[in-house]
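*Asks:* model the following, please.
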Amino acid sequence: MNVDDKVVVVTGGGNGIGRHLVFELLRRGAKVAAVDIRQESLEETAAMVRTGALGPVAPGAEDRLGLVVADVTDRASCDALPGRVEGALGPADCLINNAGIIQPFVRFNDLEFSDIDRVIRVNLYGPLQLIKAFLPGLLERPEAHIANVSSMGGFLPVPGQTVYGATKAAIKLLSEGLQAELAETNVGVTVIMPGGVSTEITTNSGVESPMDPEEAENSRIPTTSPSDAATAILDGIEHDRMYVYIGVDSKLMNLATRVAPRQASRLIRKQMKGLLDRS
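*Replies:* Modelled structure (predicted):
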């Protein structure tokens with residue numbers, strides 16, 4: 001689906017990959033409803049578009065940007081969103097479920113139910129509720145698309161992020177089931193599996209990082225820039241790809257889990273052990 005002149009809804013549009021999705025969509029000529037729970041984050045995204053801080057866009061691009069404060073964990077808020085988007089920009093043609101959080105870096109046995117509930121509400125119920133809200137309208141569009149951001153942790157076990165991984169695995173299978181159900185309709189489906197992306201997801205999730213800033217900066221674990229991640233996601237949508245693997249780490253570990261799953265799991269476990277021992 002070519003996004004030019006389409007109305008695209010992006011959750012988590014106030015930071016990270018979502019912010020760069022908003023910019024890249026505007027650059028490609030789309031009308032964008034940026035959704036976030038924080039008004040100040042959305043306004044910062046809009047300011048960065050307006051000042052060219054994220055890169056050049058066509059004159060008047062900010063007129064194609066709508067800022068929508070909403071809580072994806074609240075069903076009533078999700079149900080109202082299609083109408084709010086249509087009132088501002090027109091009926092939605094594409095939904096990108098990007099908003100997500102990680103869990104505290106602790107073993108499952110030490111994870112509080114309050115943290116479990118929060119991760120499940122944001123990462124699983126958020127996309128579920130939004131798809132239910134938007135799908136009837138998307139089915140009426142000439143061409144439409146749903147893109148769900150899963151994770152490398154959705155196909156590879158990551159100790160210390162077990163519940164996070166479980167929600168992302170659920171999103172992967174949800175997307176695959178939707179694609180099968182919608183294969184003969186006008187609605188395409190893409191599932192995105194990012195590896196490490198250099199965003200502030202730890203801070204935005206309200207989670208304490210097990211690494212200090214200097215250690216994180218010097219880490220040998222490869223990361224992808226949020227700009228490159230956004231470009232890959234939109235290229236995948238425009239080419240109607242079912243799967244989009246983002247980053248060398250995600251691509252390599254996807255292959256490794258298929259060829260040698262036990263060894264791949266052992267590698268990740270070894271990398272995470274030192275971090276978990278500090279928790």
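*Asks:* count the residues that sit near Ala169.
*Replies:* Neighbourhood size, Ala169 [other Cβ atoms under 10 Å]: 18. C-beta: built from backbone N, CA, C; applies to glycine.
*Asks:* mind checking how far Ala53 is from Ala33?
*Replies:* 21 Å (Cβ to Cβ, to the nearest Å).
*Asks:* more neighbours, those two?
*Replies:* Shown here are Ala53 and Ala33; by other Cβ under 10 Å, Ala33 has more neighbours (29 against 11).
*Asks:* what is the helix or strand containing that one packed up against?
*Replies:* Element membership for Ala33, per DSSP states H and E: strand 31-36. Under the contact definition 3 or more Cβ pairs under 8 Å, 6 or more residues apart in numbering; DSSP states H and E, strand 31-36 sits against strand 7-11, helix 16-27, helix 39-51, strand 65-69, helix 75-89.
*Asks:* residues in contact with Lys132?
*Replies:* Cys78 (Cβ atoms under 8 Å, 6 or more residues apart in numbering).
*Asks:* repeat that for His145.
*Replies:* Contacts of His145 (Cβ under 8 Å, 6+ apart): Met1, Asp93, Cys94, Leu95, Leu138, Val187, Gly188, Val189, Thr190, Ile237, Asp240.
*Asks:* now do 6 Å
*Replies:* Neighbouring residues of His145 by Cβ atoms under 6 Å, 6 or more residues apart in numbering: Met1, Cys94, Gly188, Ile237.
*Asks:* so of these, which ones are in strands?
*Replies:* Cys94, Gly188 (DSSP state E).
*Asks:* pull the number of nearby residues for the residue nearest to Met48 when sequence neighbours are not counted.
*Replies:* Excluding its sequence neighbours, the residue lying closest to Met48 (Cβ to Cβ, 6 or more residues apart in numbering) is Leu54, at 5.1 Å. By other Cβ under 10 Å, 19 other residues sit near Leu54.
*Asks:* dump stretch 92-99 to CSV, restricted to CA.
*Replies:* Below are the C-alpha coordinates for stretch 92-99, written out as CSV (Å, rounded to 0.1, in the frame of the first residue of the first chain):
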residue,chain,number,x,y,z
ALA,A,92,-8.0,5.8,8.6
ASP,A,93,-6.3,3.7,5.8
CYS,A,94,-3.5,2.2,8.0
LEU,A,95,-3.0,1.4,11.6
ILE,A,96,0.6,1.0,13.0
ASN,A,97,0.6,-0.5,16.4
ASN,A,98,4.0,0.7,17.6
ALA,A,99,3.4,1.7,21.2
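*Asks:* ok so, going back, most widely separated two among the contacts of His145?
*Replies:* Maximum pairwise distance among the contacts of His145 (Cβ to Cβ): 9.0 Å, between Cys94 and Gly188.
*Asks:* ok so, going back, check the contacts of His145 against His20 and report the nearest one.
*Replies:* Closest approach to His20 among the contacts of His145 (Cβ to Cβ): Ile237, at 14.2 Å.
*Asks:* was I right about that closest one contacting Ala147?
*Replies:* Yes: using Cβ atoms under 6 Å, Ile237 is in contact with Ala147, at 5.4 Å.
*Asks:* list the residues that contact both of the two?
*Replies:* Thr190.
*Asks:* for the protein, which spans come out with low pLDDT?
*Replies:* 202-205, 207-221, 277-279 (pLDDT under 70).
*Asks:* one more time with 80
*Replies:* 199-222, 271, 273-279 (pLDDT under 80).
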